[in-house]
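Q: Sequence first, then the predicted structure:
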Amino acid sequence: MAQQSINIGTTANDGTGETIRSAFDKTNDNFTELYADKTKFTSKQDITTTSGTINLDASAYSIFELTGALTTVTLNIQNINKGQAIDILLSGTLSSAVVTLSDDFTTSAINRVGATELDTAATNIIQVLCIDDNDSDAILTYAIAAYAADTTP
């Protein structure tokens, strides 16, 4: 649903604006949409699949954690929008992992930021940002890094 604007009339109390009921109905609809979208940016999907193509639906989740012993996997990013970021946590065994990123756009570029590559001896995080979601010319960027618990930045 697109945002619903409330007609406030030309000047105060001129009778050309919406009724109070209609205005608050639109207000409720706008808030319902905002709160429904909020969950997709805070939801985490735990994935135990260890090989093949794994679909990551960015319209439903913002965090994906793969916990199994990965072998050869293609992480297929679906339904990501411009400006949206997702986190992919690789916390399973990676010693023989070969990970490839793909997406559901017709034509796209997936670009790595920085020189860091998958560290198969550590837990990794891949952060993906959608720069452009034009189906015929989409751009995704990603950065990858090993991480460990540490409270001293």
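A: Received, thanks.
Q: What's the local residue count around Val73?
A: Around Val73 there are 21 other residues, counting by other C-beta atoms under 10 Å. Using the backbone N, CA and C atoms, a C-beta is placed for each residue, glycine as well.
Q: Hmm, Thr106 and Ser136 touching each other?
A: Yes: when contacts are counted by C-beta atoms under 8 Å, Ser136 is listed as touching Thr106 (5.5 Å).
Q: Confirm that Ala109 sits in a strand.
A: Yes: under DSSP: H, G, I helix; E, B strand; the rest coil, Ala109 sits within a strand.
Q: Contacts only, for it.
A: Counting by C-beta atoms under 8 Å, 6 or more residues apart in numbering, Ala109 touches 138-140.
Q: Report pLDDT for the closest residue to Asp132 other than its chain neighbours.
A: Among residues not flanking Asp132 along the chain, Ile139 sits closest, at 4.4 Å (C-beta to C-beta, 6 or more residues apart in numbering). Ile139 is assigned 98 on the pLDDT scale.
Q: Equivalent analysis for the one 10 residues further on, please.
A: The predicted structure scores Ala149 at 89 on the pLDDT scale.
Q: what's it sitting at in phi/psi?
A: Backbone dihedrals for Ala149, given as degrees, to the nearest 10, come out at phi -60, psi 130.
Q: tell me, how many neighbours does it end up with?
A: When neighbours are counted by other C-beta under 10 Å, Ala149 comes out with 5.
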